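Student: Below is the sequence, then the predicted model.
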Amino acid sequence: MPRPLLLILLLLACLSPASPVLADAAMHMETFTLRHRPANDLLPLVKPFLNPEGAITGQGYKLFVKSTGSNLEQISQIIADLDVALKRLRISISTDAGAFDEQEKLQTHAHSEATQNSDSPGVQKIIINKGPQHKITTRVYSTAQRSRQPAVQHVQLLEGQWASINTGRAIPIADRRLNSDGTVTETIRYRNVSSGFKVRAHINGDNVYLTLRPRQEELSQQGGGNIVVQNIDTNLTVKLGQWTEIGGTQQLQKKTEKGILYSTRRKQESERRIFIKVELVD
């Protein structure tokens, strides 16, 4: 057979509908029924592996894929790997808040012996003689108070899903309005001030990969009912079933006042530590 004729026959065979080349390039529609995860969860994960000329959509627990034969085989394997039961997790947030308040007051006054009063327990008294009839007495009043308020919150979620833990309180805010007749109308409204976390977790062996989005709201020191909001987005790894400290705050305030015959000193400390633990739920 002449060589040109042989090449023509081979070319026609490749262009035939029954050719393996064209059969693989042809588009086919296939429906995949999911068992554990909804279609909306898998769509963004499967789409990057789809043939550029293909199409994918989903509804409920079904995926509809249009692609070439070889690409459908690849997509089928990817769906089988992803369509697994998600682990149920229990996340605990522990907040350990402590406070220390110490006050000291020194008061000095002169008096005669006849007018001297008794002191209550816990008051230190220093007397300085200034002659047979008068004395100067300095009294030191001191108090100290320490408190601690631990609290634990729990939330259950599926692996890879977002969950929220929030606490808050309603703050009364006074609104004043000047009326046309010169009177003032005052109304009280309540503003919710809350703090908390949004959290998402993925498990790999004994390690838990967390995405945390803490949110804290507090009243502005400028007043007017303004709320100051702080947001943070962070990622960290913790051990499954173990408490891990993830942050905290510490504040220290000192205040001193002095006069001719008195002086006061106050020291306030506050500390807040936050821990997290992730556990598997059977």
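Tutor: All right, it came through fine. Numbers count the residues shown, from 1 in each chain.
Student: Other residues contacting stretch 43-58?
Tutor: 27, 38-40, 42, 63-68, 71, 74-75, 78-79, 82 (C-beta atoms under 8 Å, 6 or more residues apart in numbering). For the C-beta atoms, the positions are set from N, CA and C on the backbone; glycine is no exception.
Student: what separates Ile79 from Asn204, distance-wise?
Tutor: For Ile79, the distance to Asn204 equals 21 Å [C-beta to C-beta, to the nearest Å].
Student: Okay, and which of the contacts of stretch 43-58 map to helices?
Tutor: In this view, the contacts of stretch 43-58 that belong to helices under DSSP state H are 39-40, 42, 71, 74-75, 78-79, 82.
Student: Going through those, which ones are buried?
Tutor: 39, 42, 71, 75, 79 (16 or more other C-beta atoms under 10 Å).
Student: now, which of the residues you listed sits nearest Glu279?
Tutor: Checking those against Glu279 with C-beta to C-beta, the nearest one is Leu42 at 26.6 Å.
Student: So the closest one sits against Ile75, correct?
Tutor: No: the pair Leu42 / Ile75 is not scored as a contact, 10.3 Å apart, by C-beta atoms under 8 Å.
Student: Show the contacting residues for Ser164.
Tutor: 155, 196-199.
Student: Of these, grab the buried ones for ChimeraX.
Tutor: Those of the contacts of Ser164 that count as buried under 16+ other C-beta under 10 Å are selected in ChimeraX with:
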select :196,197,198,199
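Student: Give the closest residue to Ser194 in space, chain neighbours not counted.
Tutor: Sequence neighbours aside, Gly168 is the residue nearest to Ser194 in space, at 2.9 Å (criterion: C-beta to C-beta, 6 or more residues apart in numbering).
Student: ugh, wrong one, I meant Glu218
Tutor: Val228 is the one closest to Glu218 (C-beta to C-beta, 6+ apart), at 5.4 Å.
Student: Buried ones in the helix or strand containing Gln268, by neighbour count?
Tutor: In the assignment (DSSP states H and E), Gln268 maps to strand 262-280. Neighbour counts over strand 262-280 (16+ other C-beta under 10 Å) mark 273-278 as buried.
Student: Tell me the strands beside that strand, with direction?
Tutor: Here strand 262-280 is paired, per DSSP bridges, with strand 88-112 (antiparallel), strand 244-258 (antiparallel).
Student: Which of those comes out lowest on mean pLDDT?
Tutor: Among the strands paired with strand 262-280, strand 88-112 carries the lowest mean pLDDT, a mean of 70.
Student: Next secondary structure after the one helix or strand the residue nearest to Ser194 maps to?
Tutor: Using DSSP H and E, Gly168 sits within strand 163-178. Moving toward the C-terminus from strand 163-178, the next helix or strand (DSSP H and E) is strand 184-204.
Student: orientation of that next one relative to strand 262-280 in degrees?
Tutor: Interaxial angle, strand 184-204 versus strand 262-280 (axes from the mean of the first three to the mean of the last three C-alpha atoms, to 10 degrees): 40 degrees.
Student: Listing partners with orientation, what would you give for strand 184-204?
Tutor: strand 163-178 (antiparallel), strand 207-219 (antiparallel).
Student: Now these in CSV, please, with extra columns for distance to Arg88 and mean pLDDT.
Tutor: What follows is the strands paired with strand 184-204, written out as CSV (distance: least, C-beta to C-beta, whole Å; pLDDT from 0 to 100):
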stretch, distance to Arg88, mean pLDDT
strand 163-178, 11, 79
strand 207-219, 13, 83
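Student: just those strands: most buried one?
Tutor: strand 207-219 (a mean of 16; mean count of other C-beta atoms under 10 Å).
Student: now the helix or strand following that strand: mean pLDDT?
Tutor: Downstream of strand 207-219, the first helix or strand assigned by DSSP H and E is strand 227-231. Mean per-residue pLDDT for strand 227-231: 72.
Student: Which elements pack onto the helix or strand that strand 227-231 is followed by?
Tutor: Counting by DSSP H and E, the next helix or strand C-terminal to strand 227-231 is strand 234-239. Counting by 3 or more C-beta pairs under 8 Å, 6 or more residues apart in numbering; DSSP states H and E, the packing neighbours recorded for strand 234-239 are strand 207-219, strand 262-280.
Student: Could you pull out the buried residues of strand 234-239?
Tutor: Taking 16+ other C-beta under 10 Å as the criterion, strand 234-239 shows Val238 as buried.
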